[in-house]
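>>> With the input below, show me the fold.
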Amino acid sequence: MAQKLKIAGWISVGVVAGALTTVSLQTVARGTLAPLPLEELQQLAAVFGMVKSNYVEPVNDKKLITDAIAGMVAGLDPHSVYLDKKALKDFNEGTTGKFVGVGIEISQEDGVIKVVSPIEGSPAFRAGIKPNDLIVKIDDTPVKGLPLSEGVKRMRGEPNTKVVLTIFRKAENRTFPVPITREEIRTQSVRSKVVEPGYAWVRLSQFQERTVEDFSRKVEEIYKQEPQLKGLVLDLRNDPGGYLDAAVAISAAFLPENVTVVSANGQLPDSKFTYKASPSFYQRRGGSDPLKHLQEVTKGALKTVPLVVLVNEGSASASEIVAGALQDHHRAKLLGNQTFGKGSVQTAVCLDPSFRMDNCPSAGLKLTTSRYYTPSGKSIQAKGIVPDVMVDETEEGNLFAALRTREADLEKHLNNGQGEEKKDAAREKAREEARVRLEEELKKPLADRKIPEFGSDKDFQLIQAINQLKGRTVMVSKTMVERPEEKKED
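Here you go, the predicted model:
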């Protein structure tokens, strides 16, 4: 998660050439020199020298040093990472919700790229690309068998450059080329709709730079359509997180003024903090309160409207902060599955201290600096948030939830600081059974598959959330139980 702490830290490395037996290296953080182990640094220098002189082919100095840094950071935990120029670009695109491309959400089907949806107003949208279109060629490159990531890479590029997508449209049984000019795309992280009179659904797919503004706009539209809203479903399923200040703002939209949303604890003073439901904790420098107009439009009703929050094992980090805050303050009922369990803070800094991350010219570092705690003091890390009501994904049960990776499944994950961890022996068996079911499911036509789109009229968990708001019977899971504490083996 890109947490905006003011860390004035940088690393200065000096390597003396020659026999590479003397390495002067010091870390400067907050004006204090951290002593570094000379013997281990001499070993690093010795390995560097052996690789340079003995490896089967010449190796670039920069690559060796960069790989050493990347390995050092990656060995800490799954979320700490060294960001080279390309990774830095991807990181900034992911957190701002901006990238240069054609503007389509895609998936893979039968070895080709399938259009899930064009982003409204994007070049692809204006060019007439439709949901369920199949992309069979990108420029002159056939897509069949191409990894999805490679397809994304080929469709992205520089602004004002052209790409030709060859489309097969099943409904019209024809193949045709569509030339598109790339431009900057802003992804929409908020969707909403009135499910039925008096009841609405708002989905957050990620906490991005513009999420709070988009959330405010969508909720305002709901209240204009339904001024006497009786209940709201906040859908955080499969939301992987994002900006902390956005999570605090979304929590503050529903909570009383100035109550605690989240706290964190780490080594440095700036990594020990408490964020509250107040504009001073989420309002960006020089900006206005993004929730002020929303509260005026709703006349404060958003603070009291009956609220259900949907979560699952894909809900992580910032979405767990929101769910935990609303649950601890008894502001909402949580329905669904136990969440992912990413309760750690990552601080992102540019290694050139004169630049911010969003315009960093060289390389950056995303480093785990704290653990998160809910308002009641519970650690989220490797545990997650337990819903008030366990509800299966479908009427037939949680068919594929076991396949989702949780924080506790990741190698080198932090423990939660509140007890030892151990592995769940039955989990691998459940995952294997789910894999077999999924393989069978994917053989079926799309319309017959059992997991519908979130927000559709066949969304089982959303239907149960509306039942909860209406005081009707909710189909509680007969099999799901709280995951046992993960015990870490020595």
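>>> before we move on, which element is the closest residue to residue 298 other than its chain neighbours in?
Of all residues not flanking residue 298 in the chain, residue 223 sits nearest, at 5.1 Å (CB to CB, 6 or more residues apart in numbering). Every residue, glycine included, has its C-beta placed from N, CA and C. Per DSSP states H and E: residue 223 is located in helix 211-225.
>>> Neighbours of the residue nearest to residue 298, how many?
For residue 223, the count of nearby residues is 19 (other CB atoms under 10 Å).
>>> That one: what's it in contact with?
By CB atoms under 8 Å, 6 or more residues apart in numbering, the contact set of residue 223 is 229, 297, 298, 301.
>>> What residues of the helix holding residue 223 count as buried?
Across helix 211-225, burial judged by 16 or more other CB atoms under 10 Å covers 211, 212, 213, 214, 215, 216, 218, 219, 222, 223.
>>> Verify the contact between residue 211 and residue 190 for me.
Yes - counting by CB atoms under 8 Å, residue 211 touches residue 190, with 6.3 Å between them.
>>> shared neighbours of these two, anything?
Any residue near both residue 211 and residue 190 by CB under 8 Å, 6+ apart counts here, and that gives residue 204.
>>> quick one: the helices in the stretch 1-150 of the chain?
Using DSSP state H, counting those that start in this stretch, the helices of the stretch 1-150 of the chain run over residues 38-54, 61-74, 85-96, 123-126, 148-155.
>>> I'd say residue 350 and residue 364 touch.
Yes - counting by CB under 8 Å, residue 350 does reach residue 364; the two are 5.0 Å apart.
>>> Settle it for me: which of these two has more neighbours?
In this view residue 350 and residue 364 are compared by other CB under 10 Å, and residue 364 has more residues nearby, 23 against 20.
>>> show me the contacts for residue 226.
194, 197, 198, 200.
>>> What is the nearest of these to residue 257?
Nearest to residue 257 among the contacts of residue 226: residue 200, at 23.7 Å, using CB to CB.
>>> Could you list the paired strands of the helix or strand that contains the closest one along with their orientation?
Assigning secondary structure by DSSP H and E places residue 200 in strand 199-204. With DSSP bridges as the test, strand 199-204 is paired with strand 190-196 (antiparallel), strand 231-235 (parallel).
>>> Just name the most buried of those strands.
Highest mean neighbour count of the strands paired with strand 199-204: strand 231-235, a mean of 25 (counted as mean count of other CB atoms under 10 Å).
>>> after that one comes which helix or strand?
Following strand 231-235 in sequence order, the next helix or strand is helix 244-254 (DSSP H and E).
>>> buried sites along that next one?
Of the residues in helix 244-254, 244, 245, 246, 247, 248, 249, 250, 251, 252, 253, 254 count as buried by neighbour count, 16+ other CB under 10 Å.
>>> same question, stretch 115-123
Quick answer for stretch 115-123 (16+ other CB under 10 Å): 115, 117, 118, 119, 122, 123.
>>> How about stretch 153-170?
Using 16+ other CB under 10 Å as the test for burial, stretch 153-170 gives 154, 155, 156, 163, 165, 166, 167, 169.
>>> Repeat that for stretch 69-85.
If you call a residue buried by 16+ other CB under 10 Å, then stretch 69-85 has these buried ones: 69, 70, 73, 77, 78, 79, 80, 81, 82, 83.
>>> go on, stretch 302-313?
By neighbour count with 16+ other CB under 10 Å, stretch 302-313 contains the buried residues 302, 303, 305, 306, 307, 308, 309, 310, 311, 312, 313.
>>> can I get those in JSON lines with pLDDT, secondary structure and distance to residue 237?
Shown next, in JSON lines, are those (pLDDT from 0 to 100; DSSP: H, G, I helix; E, B strand; the rest coil; distance: CB to CB, whole Å):
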{"residue": "302", "pLDDT": "97", "secondary structure": "helix", "distance to residue 237": "21"}
{"residue": "303", "pLDDT": "97", "secondary structure": "helix", "distance to residue 237": "24"}
{"residue": "305", "pLDDT": "98", "secondary structure": "coil", "distance to residue 237": "20"}
{"residue": "306", "pLDDT": "98", "secondary structure": "coil", "distance to residue 237": "19"}
{"residue": "307", "pLDDT": "98", "secondary structure": "strand", "distance to residue 237": "15"}
{"residue": "308", "pLDDT": "98", "secondary structure": "strand", "distance to residue 237": "12"}
{"residue": "309", "pLDDT": "98", "secondary structure": "strand", "distance to residue 237": "10"}
{"residue": "310", "pLDDT": "98", "secondary structure": "strand", "distance to residue 237": "5"}
{"residue": "311", "pLDDT": "97", "secondary structure": "strand", "distance to residue 237": "6"}
{"residue": "312", "pLDDT": "91", "secondary structure": "coil", "distance to residue 237": "5"}
{"residue": "313", "pLDDT": "87", "secondary structure": "coil", "distance to residue 237": "9"}
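>>> okay, and for the chain, where does confidence drop off?
Low-confidence segments of the chain, defined by pLDDT under 70, span residues 1-34, 94-97, 120, 399-412, 416-428, 430-451, 483-490.
>>> domain ranges for it?
The chain breaks down into these domains under automatic domain parsing: 9-88, 98-186, 190-470.
>>> Quick one: end-to-end distance for the second one.
Right, domain 98-186. Distance between the two ends of domain 98-186: 5 Å, counting by CA to CA, to the nearest Å.
>>> before we move on, what about the last one?
Using CA to CA, the span of domain 190-470 from its first residue to its last is 24 Å.
>>> Would you mind checking the contacts of residue 226 for buried ones?
Looks like these have residue 200 buried, using 16+ other CB under 10 Å.
>>> can you tell me which two in the contacts of residue 226 are farthest apart?
The largest separation in those, counting by CB to CB, is between 197 and 200 at 9.9 Å.
>>> Residue 311: what's it in contact with?
The contact partners of residue 311, taken as CB under 8 Å, 6+ apart, are 236, 237, 319, 320, 323, 334, 335, 336, 337, 339, 385, 387.
>>> at 10 Å what do you get?
With contacts defined as CB atoms under 10 Å, 6 or more residues apart in numbering, residue 311 is in contact with 234-239, 319-320, 322-324, 327, 334-340, 384-387, 391, 461.
>>> one step back: in the contacts of residue 223, which two residues are the furthest apart from each other?
Largest separation among these by CB to CB: 229 and 297, giving 11.7 Å.
>>> Look up how far residue 339 lies from residue 480.
Distance, residue 480 to residue 339, using CB to CB, to the nearest Å: 13 Å.
>>> For the two, list the residues in contact with both.
The overlap between the contact sets of residue 480 and residue 339 (CB under 10 Å, 6+ apart) consists of residue 387.
>>> Neighbour count for those two, which is higher?
Applying other CB under 10 Å to residue 480 and residue 339 shows that residue 339 carries more neighbours, namely 30 against 18.
>>> how many neighbours does the closest residue in space to the more buried one that isn't next to it in sequence have?
Once flanking residues are discounted, residue 339 sits nearest to residue 384: 3.8 Å by CB to CB, 6+ apart. By the criterion of other CB under 10 Å, residue 384 has 27 neighbours.
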